[in-house]
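Novice: need coordinates for the following:
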Amino acid sequence: MEIATRLSAETALLRSRLETLTRQAATGQRTERLGELAPELPRAISLRAELGRRETYDRVLTQAQGRAAVMQESLGRLREIAREFRANVLPRLYSADPVLLSSARSQARLALTDMAHLLNLRQAGEYLFSGQDIGNPPIPDPEGLAGGQMAQDIAAQVAALGTAGAAAVIAATRGIAQSNAPGVSPFSAHLQAQEALPPAEREARRAAPAADGELIAYGLTADRNGEAQSRGETTGSWARDLMRNLMSVAALDDSLPAEGEEWAALLAGIRDGFAAAETALAEESGALGQAAARMGSAQRRHRDVSDQLRQQLAAIEEVDLAAALERMQATRTALEASYRAIASLSELTLARFLR
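Specialist: Below you'll find the model as predicted:
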């Protein structure tokens, strides 16, 4: 009986061990209950928490890089609009050809609509150029931008070229484009409210957390520059510069070339305005590219650390599958031998024992 009892106990132990090894081979995990990882449990919990934190940074940076890429595309297209009017459209207008003037006006109106839609771009339901007001477009009426109050006010100033002179017209259109007055500004109420605040009190640019205590600013608003410094014939904002000069081209009447030198001076001022917008857009795009590069670098660091954390966690929680399969086969063989021994004992009789 003592032999049978001992065999039964050993068999039960082998069966339990085989069940554990079978589960480990199937799941790759040492155990399904964290409590069974003692004394490595505190370290495993710490590693999991750190891994989760790094993965959160990774996800946030991925989302921010996606937004930055879409914004880069928009800035590139806006820069192309500024370059096209500076380099191709305006030089042809010095000829005072009515057909070219008509074509330029049409192009400018279409470009204004394109510009509004580029600034109203969304990703994952968020408006990218609206600042913190991500649920609303920065330009509420994109289709009406070419005929809005700002465009009308600029057209009235351009029409006064003969009496006011080019310098006065250029100064007046600059002031109109800088205006934040409701009904004149084409931007959203949220952006107008931000413009009315002192610079130090305005909302911070949207930023991505790259590490503890480290933020990478990448957000842009439709009404003012982010990193770029506008220079030359400018309102101080590449968006306002582009709007102002497209609206000026859209207002060029066939009678204005008769103003001679004033006409040429006006075209030169508009050209310089497009140049200022083009240069600032290039600078803004470059700064956004640098921010995206910094985010990519931070993300790679987090992923490298995450890989190391996973390896350390695996050493605690996971099994070596090859070794587990080898132990499982050895345990199965031992268990089968134990079953056979128990079966042999059950067939043992006194007569057989005495032979």
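Novice: and residue 206, what are its phi and psi?
Specialist: Main-chain torsions, residue 206, degrees, to the nearest 10: phi -60, psi 140.
Novice: residues touching it, list them.
Specialist: 131-132, 217-219 (Cβ atoms under 8 Å, 6 or more residues apart in numbering). The C-beta positions use only the backbone N, C-alpha and C, and glycine is treated the same way.
Novice: per-residue pLDDT, it?
Specialist: Looking at residue 206, its pLDDT stands at 95.
Novice: and residue 10, by the same measure?
Specialist: In this model, residue 10 is scored at 64, pLDDT.
Novice: which ChimeraX command selects the buried ones in the contacts of residue 206?
Specialist: Restricted to buried positions by 16 or more other Cβ atoms under 10 Å, the ChimeraX selection for the contacts of residue 206 reads:
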select :131,217,218,219
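Novice: mind putting the contacts of residue 206 in CSV, distance to residue 91 and pLDDT included?
Specialist: Converted to CSV, the contacts of residue 206 look like this (distance: Cβ to Cβ, whole Å; pLDDT from 0 to 100):
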residue, distance to residue 91, pLDDT
131, 37, 93
132, 41, 93
217, 38, 96
218, 36, 96
219, 36, 96
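Novice: so what's the closest residue to residue 148 other than its chain neighbours up against?
Specialist: Nearest residue to residue 148 in three dimensions, chain neighbours excluded: residue 186, at 5.4 Å (Cβ to Cβ, 6 or more residues apart in numbering). Residues counted as contacts of residue 186 (Cβ under 8 Å, 6+ apart) are 116, 139-141, 145, 148, 150, 243.
Novice: quick one: the strands in the chain?
Specialist: 122-123, 126-127, 207-211, 214-217 (DSSP state E).
Novice: report the buried residues of the third one.
Specialist: So the one you mean is strand 207-211. Buried, per 16+ other Cβ under 10 Å, within strand 207-211: 208, 210.
Novice: quick one on the thing from earlier: mark which of the contacts of residue 186 are buried, thanks.
Specialist: 116, 139, 145, 148, 150, 243.
Novice: mind putting the strands of the chain into JSON lines with distance to residue 285?
Specialist: As requested, these are arranged in JSON lines below (distance: least, Cβ to Cβ, whole Å):
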{"stretch": "strand 122-123", "distance to residue 285": "17"}
{"stretch": "strand 126-127", "distance to residue 285": "19"}
{"stretch": "strand 207-211", "distance to residue 285": "18"}
{"stretch": "strand 214-217", "distance to residue 285": "15"}
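Novice: so which of the ones you listed is nearest residue 232?
Specialist: Between residue 232 and the strands of the chain, the tightest spacing by Cβ to Cβ is seen for strand 214-217, at 25.1 Å.
Novice: mind giving me the packing neighbours of the closest one?
Specialist: Judged by 3 or more Cβ pairs under 8 Å, 6 or more residues apart in numbering; DSSP states H and E, the packing partners of strand 214-217 are strand 207-211, helix 261-317.
Novice: parallel or antiparallel, list what pairs with the shortest one.
Specialist: Okay, so that is strand 207-211. Using DSSP bridges, strand 207-211 pairs in its sheet with strand 214-217 (antiparallel).
Novice: ok, residues contacting the partner strand?
Specialist: Against strand 214-217 from outside (Cβ under 8 Å, 6+ apart): 64, 204-210, 226, 291, 294-295, 298.
Novice: then stretch 139-156?
Specialist: 108-109, 112-113, 115-117, 119-120, 173, 176-177, 179, 183-188, 222, 243-244, 247-248, 250-251.
Novice: now it: how far from the chain's centre is it?
Specialist: Remark: stretch 139-156 is offset 30 Å from the chain centroid, using Cα atoms, centre = their mean, to the nearest Å.
Novice: that stretch: end-to-end distance?
Specialist: 22 Å (Cα to Cα, to the nearest Å).
Novice: average pLDDT for that stretch?
Specialist: pLDDT averaged over stretch 139-156 gives 97.
Novice: residue 148 and residue 250: what is the separation?
Specialist: 11 Å (Cβ to Cβ, to the nearest Å).
Novice: list residues touching both of those two?
Specialist: In contact with both residue 148 and residue 250: no residue, using Cβ under 8 Å, 6+ apart.
Novice: what is the nearest of the contacts of residue 186 to residue 158?
Specialist: residue 150 (12.6 Å).
Novice: the helices in this structure, which residues?
Specialist: 2-27, 41-84, 90-93, 98-119, 149-159, 161-164, 166-178, 189-195, 238-250, 261-317, 321-347, 350-354 (DSSP state H).
Novice: brilliant, that's me finished.
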